[in-house]
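Enquirer: Predicted coordinates and the sequence they were generated for:
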Amino acid sequence: MAVFRIELPIENRGVLKEMRVGDTVYITGTVVTLRDLGHRRAVEMLKRGEKLPVDLRGLAVFHAGPIVRRVGEEWKIVSIGPTTSARMDIYVYDLVKLSGVALIVGKGGMGVNARRACREFGAVYVELVGGTAPLITKAIRGVEAVYWLDLGVPEAMWVLRVENLGPAIVTIDTEGRDLHEEVMSRAYEVVKSLV
């Protein structure tokens, strides 16, 4: 398995095509948090031909809802960890197609829409380990901006500067291979052989 150190925004998406299911990724640069409500709003805006507050081309969308505090005029991330990504599968195909997102960062598996988006548009889904918020929070170097606070702090769009965010594991690659699907298939075959 290979280890990739990715600088965002990605100018040359060819590096994504080199990644394979099971590879390890560390991310430096700009990531944008989106959860359920943020995904829905982003996709609705893009379908209407409206611009998002942040151009997502070549960036990473991070499925997370941070705990934050305001210090003077600045926001500080107190804690951040990935949220369950399967909930966003309903939106991910349109988001990747319409925005040019390069990386999706989250927790747990995704579904058919994510596999299709990664395969058709050359994106990659990587997973962080749940329960590692202290480690992940250390990778946050600052809050560049926040949008859509009307959705609530966890659902807002947080634009974060990160350094060596990871380790993350490639779970869906640009060929549409899905680590979760492959593990489940192998487990099913083992169980079948025991019956």
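Expert: Arrived safely. Numbers count the residues shown, from 1 in each chain.
Enquirer: only C-alpha atoms for contact and neighbour calcs from this point on.
Expert: OK.
Enquirer: so where's the chain shaky on pLDDT?
Expert: 180, 182-185, 187-188 (pLDDT under 70).
Enquirer: Pull the contacting residues for Gly166.
Expert: Contacts for Gly166 (CA atoms under 8 Å, 6 or more residues apart in numbering) come out as Val25, Tyr26, Ile27, Leu128, Ile136, Ala139.
Enquirer: what about the helices in the protein?
Expert: Applying DSSP state H to the chain gives helices spanning 14-18, 36-47, 89-99, 112-121, 133-138, 179-194.
Enquirer: Any idea which of the ones you listed gets closest to Asp150?
Expert: helix 36-47 (10.5 Å; CA to CA).
Enquirer: Check which helices and strands that closest one sits against.
Expert: helix 89-99 (3 or more CA pairs under 8 Å, 6 or more residues apart in numbering; DSSP states H and E).
Enquirer: what distance separates the helix it packs on from the middle of the whole chain?
Expert: From the chain centre to the centre of helix 89-99 is a distance of 12 Å (CA atoms, centre = their mean, to the nearest Å).
Enquirer: pull the CA atoms of that helix into CSV?
Expert: Coordinates of each C-alpha in helix 89-99 appear next as CSV, following Å, rounded to 0.1, in the frame of the first residue of the first chain:
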residue,chain,number,x,y,z
ASP,A,89,-24.6,9.6,-0.4
ILE,A,90,-27.9,10.9,-1.7
TYR,A,91,-26.2,14.2,-2.5
VAL,A,92,-22.6,13.2,-3.4
TYR,A,93,-23.0,12.4,-7.1
ASP,A,94,-24.5,15.9,-7.9
LEU,A,95,-22.0,17.7,-5.6
VAL,A,96,-18.9,16.1,-7.2
LYS,A,97,-20.4,16.5,-10.7
LEU,A,98,-21.4,20.2,-10.3
SER,A,99,-18.6,21.5,-8.1
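Enquirer: Just the residues contacting it, thanks.
Expert: With CA under 8 Å, 6+ apart as the criterion, helix 89-99 contacts 39-40, 42-43, 46-47, 55-57, 101-102, 110-114, 116-117, 121, 123.
Enquirer: Buried only: go through those for me.
Expert: The neighbour-count criterion (16 or more other CA atoms under 10 Å) marks 39-40, 42-43, 46, 56-57, 101-102, 110-111, 113-114, 116-117, 121, 123 among those as buried.
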